[in-house]
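Asker: My questions are about this predicted structure, shown below with the sequence.
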Amino acid sequence: MHTASINGLVSTSDAAKRWVAKPIYSASDHEVVGLERLWRERSVAEALKVLCRPDVSVTNLSDKRIQLEKLEQLDRRVREVMARMAAGAAA
């Protein structure tokens, strides 16, 4: 639901939407809408703030920390790569 930009991972516009969410089992389209509302407009910093809360449970707490770190690193890496690309295009 996010796109790479010089500002890191940013919300994807409706025109550039590249995902399809389908409910499974007993879920409904309402849950799909809720999940999109919950995550689509959040920045990486906002997502990290939500995901690090103790009410977001996981099987292995060390995995949670690893994956949160990976999300931070991905956003930072996207910023670096996009900045280099912009500098190269301007040269």
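Answerer: Arrived safely. Numbering: from 1, shown residues only.

Asker: Low-confidence ranges, this structure, go.
Answerer: Scanning the chain for pLDDT under 70 picks out the ranges 91.

Asker: now the strands for it?
Answerer: Along the chain, counting by DSSP state E, strands occupy 2-5, 8-11.

Asker: The first one pairs with which strands, parallel or anti?
Answerer: Spelled out, it's strand 2-5. strand 8-11 (antiparallel) (DSSP bridges).

Asker: tell me which residues in the strand it pairs with are buried?
Answerer: Gly8, Leu9, Val10 (16 or more other Cβ atoms under 10 Å). Just so you know, the C-beta spots here come from the backbone N, C-alpha and C atoms, and that holds for glycine as well.

Asker: now, among the residues you listed, which is nearest to Val81?
Answerer: Nearest to Val81 among these is Gly8, at 10.3 Å by Cβ to Cβ.

Asker: who's that closest one bridged to?
Answerer: The partner residues for Gly8, given DSSP bridges, come to Ser5.

Asker: Make CSV out of the buried residues of strand 8-11 and add distance to Lys17.
Answerer: Below are the buried residues of strand 8-11 laid out as CSV (distance: Cβ to Cβ, whole Å):
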residue, distance to Lys17
Gly8, 19
Leu9, 15
Val10, 14
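
Asker: Which of those residues sits closest to Ala16?
Answerer: Val10 (10.7 Å).

Asker: how far away is that closest one from Ala47?
Answerer: Distance from Val10 to Ala47, counting by Cβ to Cβ, to the nearest Å: 12 Å.

Asker: what does Ser62 give?
Answerer: 20 Å.

Asker: Over to Met82?
Answerer: 19 Å.

Asker: for Gln73, same thing?
Answerer: According to Cβ to Cβ, Gln73 and Ala47 sit 14 Å apart.

Asker: quick one, which of the two is more surrounded?
Answerer: When Gln73 and Ala47 are compared for neighbours, Ala47 comes out ahead with 17 against 10, by other Cβ atoms under 10 Å.

Asker: pretty sure Pro23 is in contact with Val33, am I right?
Answerer: No - assessed by Cβ atoms under 8 Å, Pro23 is found out of contact with Val33, at 9.9 Å.
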